[in-house]
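Trainee: okay, predicted coordinates and the sequence, questions at the end:
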Amino acid sequence: MKCEIIWDKDAAEEVFRLCPRSNLLQSSVYGDVFCALNGMRARRGVVTRGGRRAGCVQILESGALGNLLHAVILDRGPLWLPGFGSADDAAAFFSAFNEALPPRIGRRRRIIPEIPDGDPARNALLRSGLKRLGRPGYQTLWLDLRADIDVILKTLSSSWRNKVRKGEKSGLEIIWETKNAEIARLLRIYQRDKGKKGYEGPSLRLAAALAEKFHQQDSFLAGQARMDGVTVAAVLIFRHGTSATYQIGWTTENGKKQAAHNLLLWQACVTLKEKGIDYFDLGGVNDETAYGVKKFKEGMGGALVTLAGHYI
């Protein structure tokens with residue numbers, strides 16, 4: 001079946017809202033914010049197979065000298081509608097992608113397909129003409145929120161459930177923020193915490209711009225846990241399509257003792273489910289620089305996904 005990419009942002013947005021596991025980097029909000037900060041432009045399209053809507057894709061690009069110098073980024077796409085996403089679909093899409101934006105002198109491409117490592121579709125990437133770089137594949141954990149909340153609670157590890165109960169009994173005050181000034185304060189604390197502890201995470205500039213944009217659309221959760229009037233933990237979560245992404249979080253030593261982070265994330269799961277979110281992307285993990293973070297997130301019972309790597 002023929003594969004086409006029809007560059008139509010409104011139609012692509014409609015398809016995006018229907019795709020399972022619609023990740024943050026393929027959302028129009030992320031594309032608009034990233035491009036505004038980096039002098040790029042976003043292009044969004046519907047992917048068709050045999051004339052039928054099959055998925056969607058967002059690319060970010062910049063050009064100079066009439067696009068003689070051209071940069072193209074495809075991060076965590078394309079996304080597929082139910083019934084599509086096979087190895088044949090992937091091969092057809094990337095063949096069409098190569099035809100539309102072929103590798104050439106002056107064009108730099110970065111492609112991170114939303115294809116799990118080990119999936120048969122991975123072999124289609126090389127067949128379609130992409131070249132793999134030697135970088136490890138991005139890892140994240142997806143939590144399925146479609147089940148009843150009691151069932152989801154049982155997917156938590158026993159130690160995680162115990163910490164949620166501990167947090168509930170600790171006297172913590174949980175506040176879900178809507179005020180821009182308070183969100184900005186939590187982000188500044190995040191920046192200091194990140195610098196002090198040396199963990200990976202989005203820049204303050206990007207996180208703040210995304211928070212502002214998602215705040216305008218009422219599509220975020222910004223929560224903090226307070227003990228005796230002092231903030232001891234906070235999380236920032238964005239909603240997009242069928243999914244949500246855990247973007248940033250931090251906790252103090254007292255917050256750890258009270259299991260504040262566990263309680264915040266569990267209450268976030270309950271709220272996301274109430275808002276009709278089906279999938280919760282718990283964010284990037286790895287074994288080298290953030291093993292503790294990975295173990296913490298694994299306790300929520302999500303499915304670990306390692307993507308097929310970086311391509312050009």
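Mentor: Received, thanks.
Trainee: where does the nearest residue to Lys9 once chain neighbours are set aside fall, helix, sheet strand or coil?
Mentor: Among residues not flanking Lys9 along the chain, Arg44 sits closest, at 4.3 Å (Cβ to Cβ, 6 or more residues apart in numbering). To be clear about C-beta, it is placed using only N, CA and C from the backbone, and glycine gets the same treatment. At Arg44 the chain is in strand, as set by DSSP: H, G, I helix; E, B strand; the rest coil.
Trainee: cool, and the one 10 residues further on?
Mentor: Assigned with three-state DSSP, Ala54 falls in the strand class.
Trainee: now it. Nearest residue, chain neighbours left out?
Mentor: Phe84 (4.2 Å).
Trainee: what are the phi and psi values for the one you found?
Mentor: phi -130, psi 170 (degrees, to the nearest 10).
Trainee: which parts of the stretch 151-300 of the chain are strands?
Mentor: 173-177, 220-227, 230-240, 243-251, 279-281 (DSSP state E, counting those that start in this stretch).
Trainee: now tabulate the ones you listed in a markdown table and tack on mean pLDDT.
Mentor: Shown next, in a markdown table, are those (pLDDT from 0 to 100):
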| stretch | mean pLDDT |
| --- | --- |
| strand 173-177 | 93 |
| strand 220-227 | 95 |
| strand 230-240 | 96 |
| strand 243-251 | 96 |
| strand 279-281 | 98 |
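Trainee: picking that back up, residues in contact with the residue nearest to Ala54?
Mentor: Applying Cβ atoms under 8 Å, 6 or more residues apart in numbering, we find Phe84 in contact with 49, 54-55.
Trainee: in ChimeraX, how would I select the buried members of these?
Mentor: Selection of buried members from the contacts of Phe84 for ChimeraX, criterion 16 or more other Cβ atoms under 10 Å:
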select :49,54,55
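Trainee: tell me the domain ranges of the chain?
Mentor: 3-131, 141-306 (automatic domain parsing).
Trainee: tell me which of these approaches Ile312 most closely.
Mentor: With respect to Ile312, and counting by Cβ to Cβ, the nearest of those is domain 3-131 at 4.9 Å.
Trainee: distance between the ends of that closest one?
Mentor: End-to-end distance of domain 3-131: 21 Å, with Cα to Cα, to the nearest Å as the criterion.
Trainee: so for it, mean pLDDT?
Mentor: Mean pLDDT, computed over domain 3-131, is 95.
Trainee: run the chain-centre distance for it.
Mentor: 15 Å (Cα atoms, centre = their mean, to the nearest Å).
Trainee: again with stretch 298-306
Mentor: The answer for stretch 298-306 is 14 Å, by Cα atoms, centre = their mean.
Trainee: export that stretch to CSV, keeping only CA atoms.
Mentor: The C-alpha trace of stretch 298-306 is given here as CSV (Å, rounded to 0.1, in the frame of the first residue of the first chain):
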residue,chain,number,x,y,z
GLU,A,298,9.7,1.2,37.9
GLY,A,299,7.9,0.9,41.3
MET,A,300,4.8,2.4,39.7
GLY,A,301,4.4,-0.7,37.5
GLY,A,302,4.8,0.9,34.1
ALA,A,303,6.1,-0.9,31.0
LEU,A,304,9.7,-0.2,30.2
VAL,A,305,10.2,0.8,26.6
THR,A,306,13.6,1.2,24.9
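Trainee: please list the outside residues in contact with it.
Mentor: Contacts of stretch 298-306 (Cβ under 8 Å, 6+ apart): 116-118, 137-144, 152, 155-157, 159-160, 265, 269, 280, 282, 285.
Trainee: again with stretch 101-116
Mentor: Under the criterion Cβ under 8 Å, 6+ apart, residues 21, 23, 26, 59, 68-79, 90, 94, 121-122, 125, 129-131, 138, 305-312 lie in contact with stretch 101-116.
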